[in-house]
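Asker: One predicted model, sequence on top.
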Amino acid sequence: MNVFVKTPTPAFLNDILDVVRVFEGRPVEASHDQAAYAIVHTEETNAEKRTVQVQLAENEHAYAFQKEGAVSSDPLVDKRLHKRLLKQCVFEVCLARYQVSPPWGSLTGIRPTRLMYMAMDDGMTIEEAEAFLRSDFHVSEEKSSLLSEIIRTQAKIPPQAQGEIDLYCGIPFCVSRCAYCSFLSGVVGDGKLLAPYVDALLCEIQAVTRLLHDRNLRVRAFYMGGGTPTSLPAPMLSRVLDALAPLTDGAREKTCEAGRPDTIDREKLRLLSAHGIGRISVNPQTMHDETLSLIGRRHTVQDTLRAFALAREEGFRDINMDLIAGLPGENETMFERSCEEIERLSPESLTVHTLAIKHASLLHLWEAKLPDGDMAARMVRRGREAAAAMGMKPYYLYRQKYMAGNLENTAYALPGCESLYNIGMMEETADVVAVGAGAISKRVNTKTGKILRAPNVSDIGEYISRVPEMTKRKEALLDAEI
Ligand code: SF4
């Protein structure tokens, strides 16, 4: 869909469109051609305040909204206040035009917890921050209370200590590609890239071991993700884990995203166990074979049940499972059945995702089969109930563009089974050194909010040939002032 936008601050054009996307639930572009309507933004600013006016004009209808806000002498803070005020005004005219109230109101960012933390940093209590989100950003009571619950859980989890760092190792291969996948992930295919990739990874791991050792840094939480790390054949997985051992021995938490149940076997589980990895994911996404086939996952429900039972047999007592609400062809009864199956298995953590479709082609392909936003919302609520029934509490949440019903992904865990690594990543509160194609190392100044990043190249072939350069990037990051 196209919208004509006139604004004196073109730098905020995407922020304006982001608000429209919340209401449309599909890609929206700025264009003169075939525009559904026009949004015109004007404003006046003086030393004390800024006044923003937004008008939405569509044929003979026009909706206008004006709001005053504070200005700041700090350019970064002022930019944030400016953007927030503009988005609130765009939200109000869209609210009038679309006549629906999105659950997250005018919030379009990935991390809604951040706004709540900022309000609390400004001196509000958690209850006041929750009320602020409802009154100023139209966040629903259901979602603002979910944020409060998450923040209360996170308050009990110790942050990264001085001298600690988290370690990420990326294995960007999967046995087949899920149709909705937005991750960097190659398909294993004929397997030709696996051995050179593992060789390159081992070189990078060796270099990182030296970098951390020289700086007296020890790994707090280790996370092996991807892709699907267990899509590597056992001997290769073993080489990678052996190489990582000097770094991960003594880590407080070790996770492997085993993910695809069809890649899990006893030999790999024993390898993980032997390397002290106690936390794994076995991800069903749904407990319906017809949906699994539609979304391009090459496993069955039976594979999930078998992999879960095997993991239990092998002594894994910290298993995460993922479910996706809003999958094509699914209705509430089907989602209910998936929840019941998960409750029966009783994992230690459950992540309830909402389907996000980033590729317009998929949307066209599936449009008729997708549950509507209200149904997706009821599914997400059912997922929350399932987690509560198993004794879990929500502990992090993030949002993506084009999620069904403008909802969210929420992770739930039994007390004590919350993933330190995931909290650090989602809240951007932890330093991370990351190895593998597309992996991003990061340093965070939690006092100023400043973040420095050193990304590895994403292309697997490029990565294999440029490992020394990736190491240099990390070295510069670790030695940078922050
Ligand atoms: S398992 Fe995950 S990383 Fe692999 S294709 Fe599916 S969504 Fe992408």
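Answerer: That came through, no problem.

Asker: Buried residues, the lengthiest helix in the chain. List them.
Answerer: Longest helix of the chain, by residue count under DSSP state H: helix 75-98. Judged by neighbour count using 16 or more other C-beta atoms under 10 Å, the buried positions of helix 75-98 are 81-82, 84-95, 97. The way it works is simple: take the backbone N, C-alpha and C, and place the C-beta from them, glycine included.

Asker: Same question for stretch 140-158.
Answerer: Quick answer for stretch 140-158 (16+ other C-beta under 10 Å): Ser140, Lys143, Ser144, Leu146, Leu147, Ser148, Glu149, Ile150, Ile151, Thr153, Gln154.

Asker: Tell me which two of those sit farthest apart.
Answerer: Ser140 and Gln154 (20.9 Å; C-beta to C-beta).

Asker: what about the residue with the largest distance to the centre of the chain, distance to the ligand?
Answerer: Distance from the centre of the chain peaks at Glu60, with 40.7 Å (C-alpha atoms, centre = their mean). With the distance defined as C-beta to the nearest ligand atom, to the nearest Å, Glu60 ends up 46 Å from the ligand.

Asker: and what of Ile264?
Answerer: Ile264 is 13 Å from the ligand, by C-beta to the nearest ligand atom.

Asker: Same check on Ile205?
Answerer: From Ile205 to the ligand the distance is 21 Å (C-beta to the nearest ligand atom).

Asker: Ok, His32 next?
Answerer: Looking at His32 against the ligand, where the rule is C-beta to the nearest ligand atom, the gap reads 37 Å.

Asker: same question, Ser101
Answerer: Separation of Ser101 from the ligand (C-beta to the nearest ligand atom) stands at 31 Å.

Asker: quick one: contacts for that residue?
Answerer: Going by C-beta atoms under 8 Å, 6 or more residues apart in numbering, Ser101 touches Leu95, His138, Ser140.

Asker: now the last one, nearest residue through space, not along the chain?
Answerer: I take that to be Ser140. Pro103 (4.7 Å; C-beta to C-beta, 6 or more residues apart in numbering).

Asker: residues in contact with that neighbour?
Answerer: Here Pro103 is in contact with Val139, Ser140, Glu142, Lys143, Ala377, Gly405, Asn406, Leu407 (criterion: C-beta under 8 Å, 6+ apart).

Asker: isn't there a strand covering it?
Answerer: No: per DSSP: H, G, I helix; E, B strand; the rest coil, Pro103 lies outside any strand segment and is coil.

Asker: Compute the number of surrounding residues for the closest residue to the ligand within the stretch 251-400 of the chain.
Answerer: Distance from the ligand to each residue of the stretch 251-400 of the chain (C-beta to the nearest ligand atom) is smallest for Gly259, at 5.1 Å. As a burial measure, Gly259 scores 27 neighbours (other C-beta atoms under 10 Å).

Asker: Quick check, pLDDT for it.
Answerer: pLDDT recorded at Gly259 is 85.

Asker: Enumerate every residue touching the residue sitting nearest the centre point of the chain.
Answerer: Centroid-nearest residue in the chain, with C-alpha atoms, centre = their mean: Tyr398, separated by 5.1 Å. By C-beta under 8 Å, 6+ apart, Tyr398 lies in contact with Ile110, Arg111, Glu408, Asn409, Met426.

Asker: Against Arg111, how distant is it?
Answerer: 6 Å (C-beta to C-beta, to the nearest Å).

Asker: Identify the contacts common to these two.
Answerer: Both Tyr398 and Arg111 are contacted by Met426, under the criterion C-beta under 8 Å, 6+ apart.

Asker: still on that earlier bit, switch the contacts of Tyr398 over to CSV; also include neighbour count and secondary structure.
Answerer: Shown next, in CSV, are the contacts of Tyr398 (neighbours: other C-beta atoms under 10 Å; DSSP: H, G, I helix; E, B strand; the rest coil):
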residue, neighbour count, secondary structure
Ile110, 16, coil
Arg111, 16, coil
Glu408, 21, coil
Asn409, 21, strand
Met426, 22, helix
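
Asker: Let's have the residues you listed in a markdown table, adding pLDDT.
Answerer: Compiled in a markdown table, these are given as follows (pLDDT from 0 to 100):
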| residue | pLDDT |
| --- | --- |
| Ile110 | 90 |
| Arg111 | 92 |
| Glu408 | 94 |
| Asn409 | 96 |
| Met426 | 93 |
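
Asker: picking that back up, between the buried residues of helix 75-98, which sits nearest the ligand?
Answerer: Distances from the ligand to the buried residues of helix 75-98, taken by C-beta to the nearest ligand atom, are shortest for Lys87, at 30.1 Å.

Asker: just the contacts of Pro103: which has the poorest pLDDT?
Answerer: Pick the lowest pLDDT in the contacts of Pro103 and you get Gly405, at 81.

Asker: and the residue lying closest to it once chain neighbours are set aside, what does it touch?
Answerer: Once flanking residues are discounted, Gly405 sits nearest to Gly373: 3.2 Å by C-beta to C-beta, 6+ apart. The contact partners of Gly373, taken as C-beta under 8 Å, 6+ apart, are Gly25, Ala404, Gly405, Asn406, Leu407.

Asker: Of those - the most surrounded one?
Answerer: With neighbours taken as other C-beta under 10 Å, the top of these is Leu407, carrying 26 neighbours.

Asker: now it: how far from the ligand?
Answerer: The spacing between Leu407 and the ligand, counted by C-beta to the nearest ligand atom, is 18 Å.

Asker: With Glu141 instead?
Answerer: For Glu141 relative to the ligand (C-beta to the nearest ligand atom), the value is 32 Å.

Asker: Isn't that residue up against Arg134?
Answerer: Yes: counting by C-beta atoms under 8 Å, Glu141 touches Arg134, with 6.4 Å between them.

Asker: Give me the domain ranges for this structure.
Answerer: If you go by automatic domain parsing, the domain ranges for the chain are 1-100, 101-156, 164-435.
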